[in-house]
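>>> sequence first, then the predicted structure, then my questions.
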Amino acid sequence: MGLCDASVVLATSGESTTDYVLVWVRENPDPAYMITPVGMEWRITDTLYHRVLSHQASFEAALQFIRPVLSSPVAA
């Protein structure tokens, strides 16, 4: 586990759960965030405190919410 690792978990047919992504952002054996598709949005959950932190319009925006690495586009 490094500074920013991720794991994609795909639901198998017959499961009631959905696909999700787990994200580790520090040297910790437990994932820090879970990104889950909800309708047309992506929900970011703090897995350590079991709290929903945000809903984002795209997967890229969800990753950017967790660890901003790209400059945000400036509105004209």
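Sure, I can see it.
>>> list the buried residues of stretch 40-56.
Buried residues in stretch 40-56, counted by 16 or more other Cβ atoms under 10 Å: 42-45, 56. All C-beta spots, glycine's among them, are computed from the backbone N, C-alpha and C.
>>> tell me the pLDDT at E15?
Note for E15: predicted pLDDT of 64.
>>> wait, L48
90.
>>> re the thing from before, which of the buried residues of stretch 40-56 sits closest to R67?
Proximity of those to R67 (Cβ to Cβ) peaks at I44, which lies at 11.2 Å.
>>> using PDB, write out every CA atom in the strand or helix carrying the closest one.
Here I44, judged by DSSP states H and E, is contained in strand 41-46. Only the C-alpha atoms of strand 41-46 are listed here, as PDB (Å, rounded to 0.1, in the frame of the first residue of the first chain):
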ATOM      1  CA  GLU A  41     -23.400  10.600 -10.000                       C
ATOM      2  CA  TRP A  42     -20.500   9.200  -8.100                       C
ATOM      3  CA  ARG A  43     -20.700   9.100  -4.300                       C
ATOM      4  CA  ILE A  44     -17.500   9.400  -2.200                       C
ATOM      5  CA  THR A  45     -17.700   7.800   1.200                       C
ATOM      6  CA  ASP A  46     -15.100   8.100   4.000                       C
END
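>>> who does that strand touch, helix- and strand-wise?
strand 33-38, strand 51-56, helix 59-66 (3 or more Cβ pairs under 8 Å, 6 or more residues apart in numbering; DSSP states H and E).
>>> next, count neighbours for E27.
E27 has 8 neighbours, counted by other Cβ atoms under 10 Å.
>>> alright, I will stop here.
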